[in-house]
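Let me see the structure of the following:
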Amino acid sequence: MNASKIGILTGGGDVPGLNSVIKSVVYRATEMGREVVGVKKGWEGLTHLDPFDATDSKYVIPLTRENTRAIDRTGGTVLHTSRTNPWKTKPTKIPPHLKDSDVSKYAIDETTFDLTPIVLNNLERLGITTLIAIGGDDTLSYAARLEREGFPVVAIPKTMDNDVRNTEYCIGFSTAITRAKDLITRQRTTCGSHERIGVFRIFGRDAGFTALYTGYVTSTRCLIPEHPFDLELICDLLMEDKRNNPSNYSLVVVSEGAAWTGHEVSEYGEADAYGHRKKVDIGTELAQEIRKRTGQETMASDLTYDLRSGDPDSIDHLVAITFANIALDLVSDNVTGRMVGIQGGRYCHAEIPDPAAGARTVNLEKFYNVDRYRPRYDNKLGLPVMLESV
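Model prediction:
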């Protein structure tokens, strides 16, 4: 076994900045004299790898300075991604190479299988001795499981929702705010031309950080999952904004997980590997209700997937490079079972979050005006730029 081989994978939704992490890991690792193996499609790469071919190009790629030289100039992830959960695999997701073998030894119950032994075997066959896992709560929850099994893991948090515990910042967050601001600024012209109320749906299933900071930089109302909103009040506030605007329009940003009092956002489709189903479009629902109650024309715009496309902004690029290098510092010092992060505005490493704790959420008292459905702009002295305490 090559004791210097490092594995790296990306799981869950893609965000801008992932390729910057991958490139930085490769460049720093080669300076340290270590090989890097890219595992494709997240955790799927370690469950579905051909057991008779450790070089299976569908799931494994050697990473070098040559093949990563320019990847940081684009978004997404060159390693691709999936929402595979080896810990809780459904029968329909069992790897093809296990179909004809006895899989009962991996069964948790009749409908769920734990493929962790396969993951560990594949890591050994690939000669990987330390794994860098990049992802959100779901991906990192399995990274924590591997660490408990005794396999060395270093985690790097990424998600536009910025809701991973034990860190104030996740890769992808700044670009999401930058992109949302640009999109809303452009669409103001349509709202103003038609004198409409604009409703912008944005990511945020359990936490409202993305909507909150988008509202902060666009001076718009924002609705977040942490605080059910009053439908009549938001209609009144939007009409107030409309009357006070010389162009006679108003705007509100709404998290996908936000809901008005007495109303639950419906879900649809099959649950993913981590138990999440898709949310019905709260933006369209809200726009229809506003139109019904105010008699005003509305415009519903779903910004979600636009926020995760394209290259990272300068902050995400900077943080991605730094997170990668701190991860390699930890690997060099034989420190594993940790997640790179930011606390108090400073780079750090912390415990990989316990999935049972749930998502990190907005502190309503400090950061959200529950009466006006706006971010709080006061009492910022002494706080880190753009961040809040974990």
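
So Met189, which state does it fall into?
Quick fix: residue 189 reads Thr, not Met. Under the three-state scheme (DSSP: H, G, I helix; E, B strand; the rest coil), Thr189 adopts helix.

While we're on it, how confident is the model there?
pLDDT recorded at Thr189 is 97.

how near is it to Ala300?
Note on Thr189: its distance to Ala300, by C-beta to C-beta, to the nearest Å, is 17 Å. Every residue, glycine included, has its C-beta placed from N, CA and C.

any idea where the helices of this protein begin and end?
18-31, 44-47, 65-68, 116-126, 137-148, 173-194, 209-218, 231-244, 282-294, 314-332, 364-367 (DSSP state H).

helices or strands up against the longest one?
Same thing as helix 173-194. Contact here means 3 or more C-beta pairs under 8 Å, 6 or more residues apart in numbering; DSSP states H and E; on that basis helix 173-194 packs against strand 197-202, helix 209-218, strand 250-255, strand 298-302, helix 314-332.

again, only this time at 7 Å
Secondary-structure packing of helix 173-194 (3 or more C-beta pairs under 7 Å, 6 or more residues apart in numbering; DSSP states H and E): strand 197-202, helix 209-218, strand 298-302, helix 314-332.

List of residues touching that helix?
Contacts to helix 173-194, defined as C-beta atoms under 7 Å, 6 or more residues apart in numbering, come from residues 16-17, 160, 162, 198, 200, 202-203, 210, 213-214, 217-218, 247, 249, 251, 297, 299, 301, 303, 306-307, 312-313, 315-316.

again, only using 6 Å
16, 160, 162, 198, 200, 210, 213-214, 217-218, 247, 249, 299, 301, 303, 307, 312-313, 315-316 (C-beta atoms under 6 Å, 6 or more residues apart in numbering).

Report the buried members of those.
16, 160, 162, 198, 200, 210, 213-214, 218, 249, 299, 301, 303, 307, 312-313, 315-316 (16 or more other C-beta atoms under 10 Å).

Okay, domains of this protein per the record?
For the chain, the structural domains run 6-171+312-357, 175-308+362-375, going by automatic domain parsing.

Same list as before, the helices and strands packed on helix 173-194 that is, but in CSV and with mean pLDDT and distance to Pro355 included.
Shown next, in CSV, are the helices and strands packed on helix 173-194 (pLDDT from 0 to 100; distance: least, C-beta to C-beta, whole Å):
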stretch, mean pLDDT, distance to Pro355
strand 197-202, 97, 24
helix 209-218, 97, 19
strand 298-302, 97, 28
helix 314-332, 97, 21
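
related to what we said a few turns ago, so Thr189 and Ala300 - more neighbours on which side?
Ala300 (21 against 11; other C-beta atoms under 10 Å).

wouldn't that one be in contact with Ile282 here?
No. Counting by C-beta atoms under 6 Å, Ala300 does not reach Ile282; the two are 9.6 Å apart.

Leaving out chain neighbours, which residue sits closest to the residue most central in space within the chain?
Among the residues of the chain, the one closest to the centroid is Thr159, at 2.0 Å (C-alpha atoms, centre = their mean). Of all residues not flanking Thr159 in the chain, Gly136 sits nearest, at 3.8 Å (C-beta to C-beta, 6 or more residues apart in numbering).
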